[in-house]
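Participant: okay, structure incoming, though there's no sequence with it:
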């Protein structure tokens, strides 16, 4: 009798709001290991990114995402971009290419991480680029979903609510977060 083992891709359940954010270690575009738990005691933004996605391009090329990154990293918030694009996908960029594009876009993230085996993308069930997650100082997930309510490639120009900004401002002020969960929009993560 022969047994055939077929590997399955199991769709992760998104981490629950109000529960500890799953820890991970990834390498940044310079090859340095970055571990989420090293930032305990700080607010952390996780931003899923693919430099070829028109939604991501819109937010970066108009300066919207870099200005948010700059504003909040100056306030001590850690901002990590995560690229979970399968390396053999036609829309994939390697670490050197990502570094060059993000520099051209004047990104102000704390670190730009490469998730080449897609483990962290699956762990968080990241669906789109961008897909945003905010982790509180206590390591607990406080928000997940869209950056804002402008579901176009205009990069937030028509947004009436920026959910990430709203969440970060509430956390910094010690206030209740109004919206903790929204549906992300953008390009699908190329697993």
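Facilitator: Yep, that arrived. Please read these numbers as outputs of a predicted model, since none were measured by experiment.
Participant: helices of this structure, start to end?
Facilitator: With DSSP state H as the criterion, the chain has helices at 54-61, 64-73, 95-104, 119-124, 163-173.
Participant: tell me the most buried of these?
Facilitator: The highest average neighbour count among the helices of the chain, using mean count of other CB atoms under 10 Å, belongs to helix 54-61 at a mean of 21. No exception for glycine: its C-beta is placed from N, CA and C like everyone else's.
Participant: what's the span of stretch 158-169, first residue to last?
Facilitator: Distance across stretch 158-169, first residue to last, is 20 Å (CA to CA, to the nearest Å).
Participant: before we move on, back to that, nearest to residue 191, of the helices of the chain?
Facilitator: Smallest distance to residue 191 across the helices of the chain (CB to CB): 6.6 Å, for helix 119-124.
Participant: mind checking how far the closest one is from the chain centre?
Facilitator: When distances are taken as CA atoms, centre = their mean, to the nearest Å, helix 119-124 is centred 11 Å away from the chain's centroid.
Participant: helices and strands around it, which ones?
Facilitator: strand 44-48 (3 or more CB pairs under 8 Å, 6 or more residues apart in numbering; DSSP states H and E).
Participant: direction included, what does the strand it packs on pair against?
Facilitator: Strand 44-48 has the following strand partners under DSSP bridges: strand 78-83 (parallel), strand 132-135 (antiparallel).
Participant: low pLDDT regions in this protein?
Facilitator: Within the chain, the ranges that satisfy pLDDT under 70 run 1-14.
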